[in-house]
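Novice: make a model of this:
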Amino acid sequence: MIAACSFEGCSFDETGLCALSNEPSNCPKRLKSQTEDGQVSTFPNNTESNTLGGLGSPVLDQPESPSFLGSSRSLGIEEMNSLMSSRYVNVVGILGDPESGKTACLASLYLLVSHAKLDGWSFADSRSLSAFEDIARGARDWNEAVVPEQMTTHTELNDHNTPGFLHLRLVRKSDGRRVDFALPDIPGEWTQALVTNARADRFEFMRSAEAIWIVLDGRLLADLEKRQGLIARFGQLVARLKTMFEVRIPRLIMVVTHRDAHDLNGDVRRRLLKEVNRREMNADIVCVAPFSNNQESIPAGFGLSDLINITVSEIAERPAFWQKTEPVEGQRAFLSYRRY
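Specialist: This is a model prediction of the structure:
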């Protein structure tokens, strides 16, 4: 037999909570009654009521960790660190002036992968599909079959000091190798600030980069009046990178856009390489056409598969972990060790 409460208005039987905020087992208002065997029984506490399936008990047990879908927007630094702790990720730095074609390369790369047209590669996974869709939306919005003047929108970030990363995992068809890419979509004004004001704090992530894409506008390189200015700014950017990295400099890849309208002639190519060599560095040149107005000769996405191949196929030169010291005749290096 279960005891009841003598306090008027108490709803303990329904809620399991004492109206006087007392412990149920010690409440003086509770009436006690004897069972048939002479033992005294009181109403069980709230925990015991839930265990017995009384009123107020949950229908289902709460799971230990609720399931959720991961964000498919661009990834932040913390999310990239979490991803890189579980697998090897090829971080790529992408630099270039505004309107040079950085975002266009990312949008075209995504469209090629989504249509299985990236030569030599197939899609495996992405944690930022919505972010890719955002930058590629302009290329999908055509007005009465008329090519839009601007395929992508200008990149703007909510945080002016932290880049947003696009994640893409590809499988190389030749050997089945799976490669994860972290591709930052950052405004061209960041590159301008790096060149003019040496502001390098926003590019700390590039210390983990395997390669750096320096995107150059092919239209400016084809213009006699604007060519020299772009080459000069490119040389200043390379000098900033050398100062910023000091010892280990990631592999540099010059990505020249608008290949569908302008080809890179040999003289301009030599002048670009000269700017790199005079800083005692090396670089590759890849001409691309993210979108094309000359589909018959240069299809959209031209050169992007070569860009991906160069990014992952060559291993950047790293400094020796243990430096070798050649012995000098007549000098006892071991005894001289503590003198330095």
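Novice: going forward, measure contacts and count neighbours with C-alpha atoms only.
Specialist: Fine.
Novice: what sits up against the strand or helix carrying residue 231?
Specialist: For residue 231, the enclosing helix or strand under DSSP states H and E is helix 224-245. Applying Cα atoms under 8 Å, 6 or more residues apart in numbering, the contact partners of helix 224-245 are 194-195, 198, 200, 207, 220-221, 249, 271-272, 275-276, 279.
Novice: redo that, cut-off 6 Å
Specialist: Contact with helix 224-245 is made by 195, 220, 221, 275, as judged by Cα atoms under 6 Å, 6 or more residues apart in numbering.
Novice: what's the pLDDT at the third one?
Specialist: Read it as residue 221. Looking at residue 221, its pLDDT reads 96.
Novice: distance check, the closest residue to it other than its chain neighbours against residue 285.
Specialist: Using Cα to Cα, 6 or more residues apart in numbering and skipping the chain neighbours, the partner closest in space to residue 221 is residue 227 (4.6 Å). Going from residue 227 to residue 285 by Cα to Cα, to the nearest Å gives 16 Å.
Novice: coming back round to it: now for the following helix or strand past the helix holding residue 231, which elements pack on it?
Specialist: As assigned by DSSP H and E, the chain's next helix or strand after helix 224-245 is strand 251-256. Strand 251-256 is packed against strand 209-216, strand 283-287, with contacts defined by 3 or more Cα pairs under 6 Å, 6 or more residues apart in numbering; DSSP states H and E.
Novice: turn those into a markdown table, including mean pLDDT, distance to residue 100 and mean neighbour count.
Specialist: Below are those laid out as a markdown table (pLDDT from 0 to 100; distance: least, Cα to Cα, whole Å; neighbours: other Cα atoms under 10 Å):
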| stretch | mean pLDDT | distance to residue 100 | mean neighbour count |
| --- | --- | --- | --- |
| strand 209-216 | 95 | 6 | 23 |
| strand 283-287 | 96 | 13 | 18 |
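Novice: turn these into JSON lines, including distance to residue 90.
Specialist: Below are those laid out as JSON lines (distance: least, Cα to Cα, whole Å):
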{"stretch": "strand 209-216", "distance to residue 90": "6"}
{"stretch": "strand 283-287", "distance to residue 90": "18"}
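Novice: so which of those is nearest residue 88?
Specialist: Residue 88 lies closest to strand 209-216 among the helices and strands packed on strand 251-256, at 11.2 Å (Cα to Cα).
Novice: the inter-axis angle of that closest one versus helix 224-245?
Specialist: Put simply, strand 209-216 runs at 160 degrees to helix 224-245, going by axes from the mean of the first three to the mean of the last three Cα atoms, to 10 degrees.
Novice: who touches the very next helix or strand once past strand 209-216?
Specialist: Using DSSP H and E, the helix or strand that directly follows strand 209-216 along the chain is helix 218-222. For helix 218-222, the external contacting residues (Cα under 6 Å, 6+ apart) are 226, 227, 256, 257, 258.
Novice: what does stretch 164-182 give?
Specialist: Stretch 164-182 is contacted by residues 74-76, 89-91, 120-128, 183-184 when judged by Cα under 6 Å, 6+ apart.
Novice: pLDDT at residue 50, what is it?
Specialist: pLDDT, residue 50: 44.
Novice: then residue 121?
Specialist: 96.
Novice: and it, how close does it get to residue 177?
Specialist: Distance of residue 121 to residue 177, given as Cα to Cα: 10 Å.
Novice: measure how buried residue 170 is and give me the count.
Specialist: By other Cα atoms under 10 Å, 21 other residues sit near residue 170.
Novice: that one: what secondary structure?
Specialist: Here residue 170 is strand, with the state taken from DSSP: H, G, I helix; E, B strand; the rest coil.
Novice: now the helices for the stretch 51-200 of the chain?
Specialist: In the stretch 51-200 of the chain, the helices defined using DSSP state H, counting those that start in this stretch lie at 77-84, 102-114, 129-140, 188-197.
Novice: the longest one versus strand 251-256: what angle between them?
Specialist: It refers to helix 102-114. Per the same axes, to 10 degrees, the angle that helix 102-114 makes with strand 251-256 is 90 degrees.
Novice: coming back round to it: just the buried ones from the contacts of helix 218-222?
Specialist: Listed as buried from these are 227, 256, 257, 258; burial here means 16 or more other Cα atoms under 10 Å.
Novice: now, which of those sits nearest residue 23?
Specialist: Nearest to residue 23 out of the buried ones among the contacts of helix 218-222 is residue 257 (Cα to Cα; 75.9 Å).
Novice: now that closest one. Its backbone dihedrals?
Specialist: Residue 257 adopts backbone torsions of phi -90, psi 180, taken as degrees, to the nearest 10.
Novice: could you do residue 290 as well?
Specialist: Phi and psi for residue 290, reported as degrees, to the nearest 10, are phi -50, psi -40.
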